[in-house]
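>>> How does the following fold in three dimensions:
(4 chains)
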There are 2 protein chains.
Amino acid sequence: MTADTTTTTTIPVADGAADAAGACCVVLTAPLSEPDAGELAAAFAALADPVRLRLLSILADAGESCSCDLEAPLGKSQPTISHHTKALAEAGLITGEKRGRWTWWRIVPERFAALRLALDPG
Amino acid sequence: MTADTTTTTTIPVADGAADAAGACCVVLTAPLSEPDAGELAAAFAALADPVRLRLLSILADAGESCSCDLEAPLGKSQPTISHHTKALAEAGLITGEKRGRWTWWRIVPERFAALRLALDPG
DNA sequence: CCGGTAGATTGAGGGCTGTCGATGCATCGA
DNA sequence: TCGATGCATCGACAGCCCTCAATCTACCGG
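Okay, the predicted model is just below:
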């Protein structure tokens, strides 16, 4: 297939708690159980970093981006970028797809919707 | 003033970045400047703790609560509670009002609305 | 006044996290 | 097959954060 060199592996690099936080746990209504609180806290911890927030905004703006294209705008080393993408993926906020030599990252909108809902007065 | 012992001091124990994050900085649209990213990250960092999330849910449920009534349900020592309330207040998520011997804490809904907006695809 | 209570502050200890250089592992072009 | 490229992982270092005992301040009841 000379048309494109993509070969599209479609490996969900990491999802972790992606499913477990689909709908549960709203902060501003019920007393919020300890397990739910821990899970929500982990999600917000993934957002508690300026580099990761800017990474997300770049991803949202570009729709999709490989790791190598993130180093320059973020001003961080390659291992650091890899560290952050892994953290965001484990929090279910982004998804990585390995196509050939590159890993393409993309936002997971449903996850953000779930977090917005968690901050809703209900 | 024997009518009530409240004396309503109405001291905003801490507000800090409360105003500065009124509307700005959406994650999922523009490339998000570094200062905005730092400020947003600080807000999410305040939410990145299970104890604080449960504290918020208790506050949301009760409408208002003094520090002493938080120790038992959260299972933490008094200095720890004070530490968390201070962190949340500095993030603009709650407001404290000192009435007599007690400090009454309350949720700041506008702040949560701003954070929900920051997580919006716009 | 004085004892008791609510809560903020301080200091110490233990753990987690962001960062980067070095290294290893795939994949692609020639 | 070989060199180059994209990325993940490891190890180490520095900094920050949660937690609590101890202490201090402010306030109330008697």
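>>> which secondary structure element contains the closest residue to residue A:32 other than its chain neighbours?
Spatial nearest neighbour of residue A:32, excluding adjacent residues (CB to CB, 6 or more residues apart in numbering or on different chains): residue B:57 at 3.7 Å. (C-beta placed from N, C-alpha, C; glycine too.) Assessed by DSSP states H and E, residue B:57 sits inside helix B:50-62.
>>> same deal with residue A:104?
Residue A:104 is part of strand A:102-107 when elements are defined by DSSP H and E.
>>> Show me what that strand is packed up against.
Packed against strand A:102-107 by the contact rule (3 or more CB pairs under 8 Å, 6 or more residues apart in numbering or on different chains; DSSP states H and E) you find helix A:50-62, strand A:65-66, helix A:78-90, strand A:94-99.
>>> What parts of chain A come near DNA strand D?
Residues of chain A lying close to DNA strand D by CB under 7 Å from any atom of the strand are A:13, A:66-68, A:78-79, A:81-83, A:85-86, A:96, A:101-103.
>>> ok, now with 10 Å
Counting by CB under 10 Å from any atom of the strand, chain A comes close to DNA strand D at A:11, A:13-14, A:41, A:45, A:48, A:65-71, A:77-86, A:89-90, A:96, A:98-105.
>>> Can you say which of the residues you listed are also within reach of DNA strand C?
Applying CB under 10 Å from any atom of the strand to those, one finds that A:11, A:41, A:45, A:48, A:71, A:77-84, A:86, A:98-102 fall near DNA strand C.
>>> Buried ones in the one helix or strand residue A:72 maps to, by neighbour count?
Using DSSP H and E, residue A:72 sits in helix A:68-74. Of all the residues in helix A:68-74, those buried under the rule 16 or more other CB atoms under 10 Å in any protein chain shown are A:69, A:70, A:74.
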